[in-house]
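Asks: Could you work out the structure for the sequence below:
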Amino acid sequence: MAVDIFEDKLQYAQMFGKPVLTTNWPIPRETVPDGWFCYDMRGTDSDPAAHAELVDYTSYDHSGTVLSPKPLKRPATKARRIGKGDYFLHGETMELEAFCEEYGLDVPDNPIKFEMRPASPDEAELFYALPPEKDEELGAVGHVRMDFGRNGDEFWHTWWPRGPEGLNTPEFKEELGQVVAQLRRGVLKDFSSMLRHCHISGGEISGGICCQNYGFVVETERYRYCLRCNPVRGDYQAYLTAYDLRTQELNQVQEQGAELDSGPVMGSIQLKKVDESGSPLAGAVFLVLRDGQIISTEET
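Replies: Coordinates of the predicted model:
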């Protein structure tokens, strides 16, 4: 379980003489606003639940997470000891907005523009290479192949087209850049961040050759981005595949043999949006026809 700092209430506390918000659960680092600081509290071998040390991250003996508008340790300090009286709870919970109002702080903007969810097991094939005819059916645009270098903190990437060049529009490139930039705040920040995200966020998918792979989905109005994480050193560690949902919908119409207007004048038909399970979504797609041929699409 992870905490949404913009929606959930956190515990109002004080640490090293500074007001902070804390929780027993992890806080996804990509959600931490610019200019704010987030740390893990770590216990000891004999008492894992104790608040013994403050660290940037911990993969063991996690005893809490701290959100602070001020730094609580030097960047070069790996761990700061939490002594008696350094940390105490005020006994109440508080939302981030109320905390900011209490201390005269500007309420920070949520840096997350795109929601990301763990993949379901039946979506596994979307994260791997597919036959050309399947790519065409699903509206595949291409994928970005990534790795974090020898030390795990670099970022190397290569674009591989998988569909007609006409799908690789300036609008798509702009949105792809925004999606990657957001992922770089968290799961794709470095190898350690990816490993940690996979272990706490679920998304296990089948198909990994040498280790368990994890899938995560970002869906926008026009595109579906499928991120596959392969958390093993010495290999490509992430693949981000992009699918054009509008192309996918048009292909589905053709496959289902939809009846199109074939008269000599222009007409249109309305298609309801559905997700992969067939459940209806808001809005509709209109196919504008002339002599039975699709000449344009309009989306609401």
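Asks: Do you know the pLDDT at Arg162?
Replies: We have a pLDDT of 95 for Arg162.
Asks: For it, grab phi and psi.
Replies: Torsion angles at Arg162 (phi, psi; degrees, to the nearest 10) stand at phi -140, psi 10.
Asks: go on, the one 3 residues further on?
Replies: Backbone geometry at Glu165, expressed as degrees, to the nearest 10, gives phi -60, psi -20.
Asks: So what's the residue count around Phe216?
Replies: Using other Cβ atoms under 10 Å, Phe216 has 24 neighbouring residues. Glycine gets a C-beta too; all of them are placed from N, C-alpha and C.
Asks: State the pLDDT value of it.
Replies: In this model, Phe216 carries a pLDDT of 97.
Asks: who are the neighbours in contact with Asp244?
Replies: By Cβ atoms under 8 Å, 6 or more residues apart in numbering, the contact set of Asp244 is 139-141, 163, 167, 172, 222-223.
Asks: now do 7 Å
Replies: By Cβ atoms under 7 Å, 6 or more residues apart in numbering, the contact set of Asp244 is 139, 141, 167, 222-223.
Asks: Neighbours of the nearest residue to it once chain neighbours are set aside, how many?
Replies: Nearest residue to Asp244, sequence neighbours excluded (Cβ to Cβ, 6 or more residues apart in numbering): Gly139, at 3.8 Å. For Gly139, the count of nearby residues is 23 (other Cβ under 10 Å).
Asks: ok, Gly139 touching Gln248?
Replies: Yes. Using Cβ atoms under 7 Å, Gly139 is in contact with Gln248, at 4.0 Å.
Asks: I'd like the distance between Leu138 and Leu21.
Replies: 42 Å (Cβ to Cβ, to the nearest Å).
Asks: Neighbour count: those two, which is higher?
Replies: Leu21 (25 against 22).
Asks: Could you tell me which ranges of the protein sit under the pLDDT cut-off?
Replies: 1, 256-300 (pLDDT under 70).
Asks: cutoff 90 now
Replies: Residue ranges of the chain with pLDDT under 90: 1-3, 28-29, 59, 196-197, 199-202, 207-211, 234-235, 251-300.
Asks: Dig out what the most centrally placed residue in it forms beta bridges with.
Replies: Closest residue to the average C-alpha location of the chain: Met116 at 3.5 Å, with Cα atoms, centre = their mean. Beta-bridge pairing for Met116 (DSSP bridges): Val218.
Asks: List the contacts of Phe127.
Replies: 119, 205, 215, 226, 228, 239, 241.
Asks: Mark which of these are buried, thanks.
Replies: 119, 205, 215, 226, 228, 239, 241 (16 or more other Cβ atoms under 10 Å).
Asks: mind listing which of those residues are in strands?
Replies: Mapping the buried ones among the contacts of Phe127 onto strands (DSSP state E) picks out 205, 215, 226, 228, 239, 241.
Asks: Dump the contacts of Phe127 into JSON lines; add distance to Ser192 as well.
Replies: As requested, these are exported to JSON lines (distance: Cβ to Cβ, whole Å):
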{"residue": "Ala119", "distance to Ser192": "22"}
{"residue": "Ile205", "distance to Ser192": "21"}
{"residue": "Gly215", "distance to Ser192": "20"}
{"residue": "Cys226", "distance to Ser192": "23"}
{"residue": "Arg228", "distance to Ser192": "18"}
{"residue": "Tyr239", "distance to Ser192": "19"}
{"residue": "Thr241", "distance to Ser192": "24"}
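Asks: which stretches of the stretch 51-200 of the chain form helices?
Replies: 96-102, 132-138, 170-183, 191-201 (DSSP state H, counting those that start in this stretch).
Asks: deepest of the ones you listed, which one?
Replies: helix 191-201 (a mean of 19; mean count of other Cβ atoms under 10 Å).
Asks: which other helices and strands contact that helix?
Replies: The contact analysis (3 or more Cβ pairs under 7 Å, 6 or more residues apart in numbering; DSSP states H and E) places helix 191-201 against no helix or strand.
Asks: list the contacts for the nearest residue to Arg117 once chain neighbours are set aside?
Replies: Spatial nearest neighbour of Arg117, chain neighbours left out: Val217 (5.4 Å); criterion: Cβ to Cβ, 6+ apart. Taking Cβ under 7 Å, 6+ apart as the contact definition, Val217 lies against 116-117, 119, 224, 226.
Asks: what are the phi and psi values for Val232?
Replies: phi -140, psi 140.
Asks: Count the neighbours of it for me.
Replies: 16.
Asks: so what's it closest to, chain neighbours aside?
Replies: Cys211 (4.8 Å).
Asks: Cool, thanks, talk later.
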